[in-house]
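Novice: what follows is a predicted structure for the sequence shown.
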Amino acid sequence: VDVSRDPFDRIMSSLDGPMIVVTAAAADERGGCLVGFHAQSSITPGRYSVWLSKVNHTYRVAQYATHLGVHFLSSSNRALAELFGTRSGDQIDKFAGRDVVTGPGLVPLLAECANQMAVRKVAVLDEGGDHVCVVTEPVLVRDASPFEPLMLSQLSGLRAGHPAEEREEPPTMRAP
Ligand SMILES: Cc1cc2nc3c(=O)[nH]c(=O)nc-3n(C[C@H](O)[C@H](O)[C@H](O)COP(=O)(O)O)c2cc1C
């Protein structure tokens, strides 16, 4: 028994889930990151929600974007998961040299992911935590199912390019 972690952490780390890459574009900048927090969130109308970390470059780009790209990774996309999950758009262009298709709202879509959606942002929930919920409406969906999703359990050992703990408490709430 790992007594260094609390019960919430223990339950969460016992769960597994499929991994996606979320992309966005705004003001001539492209962003994208690996995301484990995501789910279908309505049947009619169809809704898909993703949670973006406030410290990520992707979050900053997504704030100004109308659409996002949601790419469901398959077991052949391991290297892509590593690139989008461990490196930051603050330092590198993750899209350089990749086959990128421009989708609705100029969203950059990764051609190498056969199961993908262009989604329109419908609502954003920031309840004060380190991730923000973006509720979206799928507007363009490509699928090559059945496919074998790349699971969180297959990515153990990856260190996030921007760990959520980077989020700073401001020394003051007053403007300088
Ligand atoms: C296993 C794993 C799961 C992750 N899940 C999320 C997530 O749900 N939401 C998110 O915004 N970032 C998540 N990240 C973190 C980002 O993918 C990572 O910090 C990335 O390098 C940020 O890139 P950016 O600064 O270019 O946006 C995850 C990272 C890993 C390794």
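Specialist: Thanks, I have the structure now.
Novice: now for Leu150, how many residues are close by?
Specialist: Per other Cβ atoms under 10 Å, the neighbour tally for Leu150 reads 22. No exception for glycine: its C-beta is placed from N, CA and C like everyone else's.
Novice: oh sorry, the question was meant for Leu158
Specialist: Around Leu158 there are 15 residues (other Cβ under 10 Å).
Novice: do the one 4 residues further on as well
Specialist: One way to gauge burial is a neighbour count; for His162, by other Cβ under 10 Å, it gives 21.
Novice: does the closest residue to the ligand within the chain belong to a helix, a strand or coil?
Specialist: Across the chain, no residue is closer to the ligand than Gly161, which sits at 2.3 Å (Cβ to the nearest ligand atom). Classification of Gly161 using DSSP: H, G, I helix; E, B strand; the rest coil returns coil.
Novice: off-centre distance for the lowest-mean-pLDDT helix or strand in the chain?
Specialist: When the helices and strands of the chain are compared on mean pLDDT, DSSP states H and E, helix 7-14 comes out lowest with a mean of 93. Mean-position distance between helix 7-14 and its chain equals 21 Å (Cα atoms, centre = their mean, to the nearest Å).
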